[in-house]
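Chemist: Provided below are the primary sequence and the corresponding predicted coordinates.
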Amino acid sequence: MEAYEQQNRNLIEIAALVVLIGFVMYLGGVFHELGIISRTPVALFAPPSPSPQPTLTSTPQPQWPDKLIAFVSRRDGNREIYLMNADGSNQRNLTQNPASDDSPTWSPDGQRIAFISNRTGKAEVFVMNADGSNLTRLTDELEGARWSSLSWSPDGRYIVGTRLTLEPPDNLPTATSLYLIGVDGVNRLLLSEARISLFQAQWSPDGQHIALLGNQYGTNILFCIDPSGGNPVVISRSGGQSIPTFSWSPNGQQLAYFAASTYRDGSYHDQLRVVGWEGSGERIILEIEKSLSSQYNSLIWSPDGKRVAFFSAHEGYPQIYLVNQYGSGLARLTNFVESGPFDYMRLTQAQALSWSPDGKWLAVTTYDGTDYEISVLNSDEIDPNLETTTVIRLTFAEGIDSNPQWQP
C-alpha cells in the first residue's frame with residue numbers, strides 16, 4: 001500500500017512539473033508578442049570585441065639630393081677634408097694627413113676638390129679627385145706666404161686665390177696678391193697691392209669677371225677685375241659703412257652685398273644691396289634698423305636667382321634668413337636660442353652657407369653646446385606659424401666639423 005501511495009505522489013509531482021513548464025512557455029510566448037523578451041540567444045560569456053587597430057603613419061623621409069657634401073673636420077686631431085652623402089651617411093676622410101687641410105672648394109663639374117694644406121711645411125694649393133685620389137700640388141711657395149679665398153673658373157681650368165705675403169721674422173703682412181692658379185700648373189699674377197688687403201675673391205658664374213673685397217684703412221671696397229688682366233673696376237665704396245661679404249647672382253650680372261653703418265646715437269642701420277657688375281643700377285632691397293651690432297659674414301644667392309640667404313644677429317641671436325631677390329618675403333629659417341640644442345652657429349668662412357644645386361637645402365655649421373657639427377635645413381619647408389624650418393644634424397663626431405660645401 002505504501003508503495004502504491006509513493007508511486008501516486010511521484011506521478012502527481014511529474015504532472016505538476018509538466019504543468020509548470022507549460023505555463024512558463026505560455027508566458028514566454030505572451031512576453032515575446034508584447035516585445036518584452038527576445039528569443040534571440042544571448043551568450044553569457046561573449047568574447048571581448050576586438051580592439052580597433054591603430055592607423056600606422058610614418059614620418060615623411062626627406063628627399064635627399066643625389067649630391068655629396070665636403071667639409072672640414074678635426075675629429076682626428078687635425079684639420080682634414082671629409083666627404084659624406086647628403087643624408088650624413090658614409091662619412092670618410094679624403095686627405096688622411098697629419099698636416100692641416102682646409103678650405104675645400106668643388107670644381108664646377110663636381111669631380112675634383114681644391115684645398116689649402118701646409119703638408120709641405122708651407123701653405124700650398126692642392127687639388128684631388130672627389131674620392132681623394134690623384135693628389136696634385138698646384139703651387140710652389142717660398143716661406144712667408146698664405147693662400148685663401150679659392151674659387152674655380154666655370155670652365156674648370158683655373159682657380160683664383162688671394163695670396164698674403166708675410167715678412168719674417170714676425171710674419172707681418174706686407175702685400176696681398178690675386179693669382180690665377182692653373183690646374184695645368186701654369187700660374188699667373190693678376191693684381192698685387194701693398195696698401196690694400198685683398199680677400200674673398202669669387203669668380204662670376206659666367207666666367208667673365210672676378211669680384212673681391214679690398215680693405216684700406218678699415219674701409220672695404222667691392223670691385224671687379226677681368227680674368228685676362230687690366231685695372232679693377234670699383235663697384236661700391238662703403239665710405240663709413242662696412243661691406244663684410246657679397247655674392248654673385250647665378251647669371252653673373254649682379255652682386256648682392258651688405259652695407260652696415262652706425263648712427264651717431266649708437267644705433268645701427270644695415271642695407272642689403274644689389275648692384276650690376278660694372279657698378280650700375282644699384283638698389284636697396286632690404287633695410288634693417290636695430291640697436292644691436294650684427295654679423296653678416298655669410299651671404300649667398302640661391303641657384304635659381306630668386307632668393308638670397310644670409311646669416312645675421314640683428315634680432316639678438318644668430319639666425320639664418322631668406323629674402324626674395326627684390327626684398328619681399330623676409331623669413332627667418334631658424335629659431336636658435338641659448339637654451340636650445342642648437343644655441344649658436346659658427347660660420348667659419350665668408351661662404352660658410354652652402355646651397356644644394358636644386359636650391360632646396362642649405363648646409364651650415366651648428367653648435368650644440370659641446371661640438372661644432374654640420375647641419376642642413378630645407379628652405380622649402382618653412383613653418384607658416386613659426387616662420388622656421390627643421391634643422392637636421394648630419395655629423396655627431398667629437399671635435400669641430402665646419403665649412404660644408406655642396407657638390408655642384
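Modeler: Arrived safely, thanks for sending. This structure is a prediction, so every number in the text was calculated from the model and none was measured. Residues are numbered from 1 along each chain as shown.
Chemist: for residue 205, which non-adjacent residue is closest in space?
Modeler: The shortest distance from residue 205 to any non-neighbouring residue, by Cβ to Cβ, 6 or more residues apart in numbering, is to residue 252 (4.4 Å). C-beta coordinates here come from the backbone N, C-alpha and C atoms, glycine included.
Chemist: touching, that neighbour and residue 278? I think so.
Modeler: No. Using Cβ atoms under 8 Å, residue 252 is not in contact with residue 278; the gap is 11.9 Å.
Chemist: who has more neighbours, these two?
Modeler: A side-by-side neighbour count of residue 252 and residue 278, using other Cβ atoms under 10 Å, places residue 252 first with 17 against 12.
Chemist: after the least confident helix or strand in the chain by mean pLDDT comes which helix or strand?
Modeler: Of all helical and strand segments in the chain, the minimum by mean pLDDT, DSSP states H and E falls on helix 2-34, at a mean of 51. Counting by DSSP states H and E, the next helix or strand C-terminal to helix 2-34 is strand 68-73.
Chemist: rewinding a little: contacts only, for the residue nearest to residue 205.
Modeler: 204-209, 277 (Cβ atoms under 8 Å, 6 or more residues apart in numbering).
Chemist: and of the residues you listed, the nearest to residue 120?
Modeler: Using Cβ to Cβ, the shortest approach to residue 120 within the contacts of residue 252 belongs to residue 207, at 30.4 Å.
Chemist: what kind of secondary structure is that closest one in?
Modeler: Classification of residue 207 by DSSP: H, G, I helix; E, B strand; the rest coil places it in coil.
Chemist: equivalent analysis for residue 270, please.
Modeler: On the basis of three-state DSSP, residue 270 is classed as strand.
Chemist: that one against residue 313, yeah?
Modeler: No. Assessed by Cβ under 8 Å, residue 270 is found out of contact with residue 313, at 10.9 Å.
Chemist: who has more neighbours, these two?
Modeler: Just comparing residue 270 and residue 313: by other Cβ under 10 Å the higher neighbour count belongs to residue 270, 22 against 14.
Chemist: may I have the predicted confidence score for that one?
Modeler: Listed pLDDT for residue 270 reads 80.
Chemist: again, but for residue 234
Modeler: Taking residue 234 on its own, its pLDDT is 87.
Chemist: residues touching it, list them.
Modeler: Counting by Cβ under 8 Å, 6+ apart, residue 234 touches 221-223, 279.
Chemist: if we go to 7 Å?
Modeler: 221, 223, 279 (Cβ atoms under 7 Å, 6 or more residues apart in numbering).
Chemist: tell me the spacing between it and residue 216.
Modeler: Using Cβ to Cβ, to the nearest Å, one gets 12 Å for the distance from residue 234 to residue 216.
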